[in-house]
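Quick one, structure for this:
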Amino acid sequence: MDAPSPHTVAGDAYSLPLDRIDVSNPKLYQDDIWPPYFERLRREDPVHYTKDGMYGSYWSVTKYKDIMQVEVNHQVFSSDAMLGGISITDRPMEFRRASFISSDPPVHDEQRKVVSPIVAPLNLQKFAGTIRERAARILDGLPRNETFNWVDRVSIELTTQMLATLFDFPFEERRKLTYWSDVATMDVNAGGEIDSEAKRLEVLTECLQTFTTMFHERQKAPPAPDLISMLAHGEATRDLYTRPQEFLGNLTLLIVGGNDTTRNSISGGLWALSQHPGEYQKLRDNPAVIPSMVSEIIRWQSPIVHMRRTALADAEIGGKQIKKGDKVVMWYISANRDEDAIENANQFIIDRARPRQHISFGFGIHRCVGNRLAELQLTIMWEEIMKRFPVIEVVGEPTRIYSNFIHGISELPVRIPG
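All right, here's what the predicted structure looks like:
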């Protein structure tokens with residue numbers, strides 16, 4: 001079925017009774033019809049309660065300043081996996097997996113500190129040469145004058161190669177990392193192979209077993225600058241293998257965080273440029289705008305749609321009374337279109353004055369640990385693209401995934417003129 005025209009959708013978003021708006025419906029993102037729903041909420045009910053929605057009852061926080069308020073108040077708004085974690089989906093208790101992103105201090109701080117050196121400035125400098133060499137090889141291997149899937153050939157390939165490096169994972173088996181990343185985030189209602197939490201755990205058990213073996217090997221070896229060695233030798237994480245579900249939680253966090261955000265920004269960036277030919281021309285005329293463009297792409301794509309918290313006490317956000325135990329969902333995708341926080345927020349402008357004014361990486365203690373690495377990969381990829389291909393033709397609509405958490409693209413048909 002074709003997606004409704006934007007005009008029809010805007011009508012639906014504004015004709016629905018306010019209390020019937022449920023922005024947790026993954027179809028809104030799969031069909032790319034989400035903007036008017038959030039536009040209405042930001043205007044009429046910025047902190048909005050949905051009762052008995054597709055993913056239960058929850059508060060939607062849709063404006064930039066209100067999301068910032070939640071982000072910095074982790075004493076009241078908890079990420080704890082056992083209370084529900086960071087996703088709007090309420091998983092049965094036996095399938096809830098702790099990780100440092102779905103923990104509160106002090107556990108969060110102790111575990112995050114173990115892995116954060118991998119993205120320290122000196123390490124990023126070392127990675128830059130490797131990323132450039134790989135980007136060049138990937139781009140030089142692309143076909144001319146024929147249609148191919150940009151997501152598979154470019155976006156996934158670059159990010160999965162980087163992921164294999166971060167984990168020091170067998171390079172020839174790197175696509176397992178892509179597969180596990182997809183399995184970890186797939187909505188059980190998407191109609192794919194993961195149709196239950198039990199099935200997800202069954203598949204991810206292979207991931208756990210693989211990395212448990214690697215963990216023990218690295219523990220016996222001297223410390224090395226890869227994520228598994230860091231976990232194996234870190235004071236706060238060296239016994240993680242004794243808590244398999246928490247170990248798996250941290251593994252999937254690092255796999256998804258090291259891959260999905262960048263992958264979907266590489267794909268979403270090319271789509272955005274194809275839809276804004278004036279901006280694409282601006283890039284051709286002045287490739288020096290690439291660093292600014294990268295931040296704009298990450299804002300525009302908003303690769304993580306939302307993050308969830310659970311209220312530990314009664315609180316107030318934007319004049320609304322939040323009760324202890326309530327589910328509070330921060331819609332990053334909406335905050336990144338908030339005209340009160342970002343000038344011309346509904347326009348894609350690759351040389352905007354304050355390009356880093358976005359919330360795609362979160363804020364506060366949970367701000368994405370790998371944000372600079374994501375920006376580095378995107379910057380180098382676009383520098384190498386512009387050296388080779390003044391034009392990449394997008395020849396069809398993107399296929400988007402069924403998810404309210406990952407703003408993802410699975411296919412983007414393109415053609416490079418020969």
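
Surely residue 228 is in contact with residue 168?
Yes: the criterion here is Cβ atoms under 8 Å, and residue 228 meets it with residue 168 at 6.8 Å. From N, CA and C alone the C-beta is placed, and that goes for glycine too.

Give the residue from these two that has the larger number of neighbours.
Comparing residue 228 with residue 168 by other Cβ atoms under 10 Å, the one with more neighbours is residue 228, at 23 against 15.

Spit out the contact partners of the more buried one.
Under the criterion of Cβ atoms under 8 Å, 6 or more residues apart in numbering, the contact partners of residue 228 comprise 167, 168, 211, 214, 215, 218.

Can I get the buried part of those as one PyMOL selection?
Taking 16 or more other Cβ atoms under 10 Å as the burial criterion, the selection of buried members of those in PyMOL is written as:
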select buried, resi 167+211+214+215+218
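
Just the ones of the contacts of residue 228 in strands?
Residues of the contacts of residue 228 located in strands (DSSP state E): none.

Between the contacts of residue 228, which sits nearest residue 159?
Residue 159 lies nearest to residue 167 out of these, by Cβ to Cβ, at 12.6 Å.

Return the distance of the nearest residue to that closest one once chain neighbours are set aside relative to residue 214.
The spatially closest residue to residue 167, leaving aside those adjacent along the chain, is residue 227, at 5.3 Å (Cβ to Cβ, 6 or more residues apart in numbering). With the distance defined as Cβ to Cβ, to the nearest Å, residue 227 ends up 10 Å from residue 214.

Residue 398 reaches residue 414, doesn't it?
No: with contacts defined as Cβ under 8 Å, residue 398 does not count as touching residue 414, sitting 10.2 Å away.

More neighbours: which of the two?
Neighbour totals were compared for residue 398 and residue 414, and residue 414 leads with 23 against 20 (other Cβ under 10 Å).

Now do the contacts for that one.
Residue 414 is in contact with 147, 148, 149, 150, 270, 392, 393, 394, 395, counting by Cβ under 8 Å, 6+ apart.

repeat that with 7 Å
Contacts for residue 414 were tallied using Cβ atoms under 7 Å, 6 or more residues apart in numbering; they are 148, 150, 392, 393, 394, 395.

Next: residue 110.
The contact partners of residue 110, by Cβ under 7 Å, 6+ apart, come to residue 236.

Next secondary structure after the strand or helix carrying it?
In this assignment (DSSP states H and E), residue 110 forms part of helix 107-115. In the C-terminal direction, the helix or strand that comes right after helix 107-115 (DSSP H and E) is helix 121-140.

going on from that following helix, what's the next piece of helix or strand?
Per DSSP H and E, the first helix or strand lying C-terminal to helix 121-140 is strand 147-149.

Tell me if I am right that residue 159 is in a helix.
Yes: when classified by DSSP: H, G, I helix; E, B strand; the rest coil, residue 159 is found to be part of a helix.

what about it, how many neighbours?
With neighbours defined by other Cβ under 10 Å, the count for residue 159 comes to 27.

what's in contact with the helix with the most length in the chain?
Using DSSP state H to define each element, the chain has its longest helix at helix 197-220. Applying Cβ under 7 Å, 6+ apart, the external contacts of helix 197-220 come out as 91-92, 95, 180, 183-184, 188, 194, 224, 228-229, 231-232, 241, 244, 247-248, 251-252.

Could you rerun that using 6 Å?
The contact list for helix 197-220 (Cβ atoms under 6 Å, 6 or more residues apart in numbering) reads 91, 95, 180, 183, 194, 228, 229, 232, 241, 248, 251.

Could you do stretch 43-58 as well?
With Cβ under 6 Å, 6+ apart as the test, stretch 43-58 has contacts from 18, 22, 24-25, 41, 59-63, 88-90, 317-318, 320, 327, 329.

Which of the residues in it are classified as buried?
So stretch 43-58, judged by 16+ other Cβ under 10 Å, has buried residues 45, 46, 47, 48, 50, 53, 55, 58.

now the residues you listed as JSON lines including distance to residue 284 and pLDDT?
Rendered in JSON lines, the data for these read as follows (distance: Cβ to Cβ, whole Å; pLDDT from 0 to 100):
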{"residue": "45", "distance to residue 284": "42", "pLDDT": "98"}
{"residue": "46", "distance to residue 284": "39", "pLDDT": "98"}
{"residue": "47", "distance to residue 284": "43", "pLDDT": "98"}
{"residue": "48", "distance to residue 284": "42", "pLDDT": "98"}
{"residue": "50", "distance to residue 284": "44", "pLDDT": "97"}
{"residue": "53", "distance to residue 284": "44", "pLDDT": "96"}
{"residue": "55", "distance to residue 284": "43", "pLDDT": "97"}
{"residue": "58", "distance to residue 284": "44", "pLDDT": "98"}
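
farthest-separated two in the residues you listed?
The widest separation within those (Cβ to Cβ) is 19.8 Å, between 46 and 55.

quick check, nearest of the contacts of residue 228 to residue 297?
Comparing every one of those with residue 297 (Cβ to Cβ), the shortest separation belongs to residue 167, at 25.6 Å.

Now do that closest one, the pLDDT please.
According to the model's per-residue confidence, residue 167 sits at a pLDDT of 97.

ok, and the closest non-adjacent residue to residue 366?
With Cβ to Cβ, 6+ apart as the measure, residue 101 is the residue that lies nearest to residue 366, at 6.0 Å, once sequence neighbours are left out.

Confidence-wise, which helix or strand of this protein is lowest on average?
Here the helix or strand of the chain ranked lowest by mean pLDDT, DSSP states H and E is helix 6-15, holding a mean of 70.

Roughly how far does residue 127 sit from residue 338?
Residue 127 is 33 Å from residue 338, where distance means Cβ to Cβ.
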